[in-house]
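Student: need a 3D model of the sequence below.
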Amino acid sequence: MAFVGPKPASPNDARRGTSIPAKIKANNPYYIIVDKSDYELKVYDDEGWYATYPIVFGSKDLSDKMREGDKRTPTGSFKIVLKKIHKKWGPELLLDYPNQESYRRFNERKAKGLIPKTAKIGDGIAIHATRPEEEWTVDNFYNWTDGCVSVKYSEMKDLFDYIPVGTLVTIQP
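Tutor: Sure thing, here's the model as predicted:
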């Protein structure tokens, strides 16, 4: 179950020093921070911290996604561009990966020879649920996705209900 608690006195996550954008649209008070090192998805609203959900990823290597097929979750700033129900794992919030910054980093890595010239950047990164019978993957920190962020099925239904398209998402190491 997501942990929802009292609002902090300031709109900052004091433990990580994460500051919430000064202007959050009136029609969308939410902002999401995915903290890969803590395996947490934190939701903020215009008053500050709102909820925390435990999560898992695709790879134990929590560094930035380098290329298609590496199972890593990208770091950076994204937004939710589509909400849909996936046939395998239900509620899904699709991110705008790759975006302009993702392409810049990808092309820079190719130019430096860090990834093959033939590599592709990949796409289809989302915040989505586990299958209903596989919530244990989150409890056991079992990274199983192809680079997406996975939330327990029972908790993803809640998140899906109140997070609108256009919500900003920061994925940090």
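Student: switch to C-alpha atoms for all contacts and neighbour counts from now on
Tutor: Noted.
Student: what's next to whichever helix or strand Leu93 is part of, contact-wise?
Tutor: Secondary structure assignment for Leu93, by DSSP states H and E: strand 90-95. Strand 90-95 is contacted by residues 78-86, 124-131, 153, 156-157, 160, 165 when judged by CA atoms under 8 Å, 6 or more residues apart in numbering.
Student: biggest helix in this structure by residues?
Tutor: helix 100-111 (DSSP state H).
Student: identify the residues contacting that helix?
Tutor: By CA under 8 Å, 6+ apart, the residues outside helix 100-111 that reach it are 66-67, 76, 115-117, 121.
Student: kindly report the same for stretch 118-131.
Tutor: Outside stretch 118-131, the residues touching it (CA under 8 Å, 6+ apart) are 66-69, 73, 88-98, 103, 106, 137, 147-153, 155-157.
Student: how about 7 Å then?
Tutor: Identification of contacts with stretch 118-131 by CA atoms under 7 Å, 6 or more residues apart in numbering yields 67-68, 88-95, 97-98, 106, 147-153, 156.
Student: do the same with stretch 57-66
Tutor: 36, 71-75, 106, 143-150, 173.
Student: among those residues, name the ones in strands.
Tutor: 149-150 (DSSP state E).
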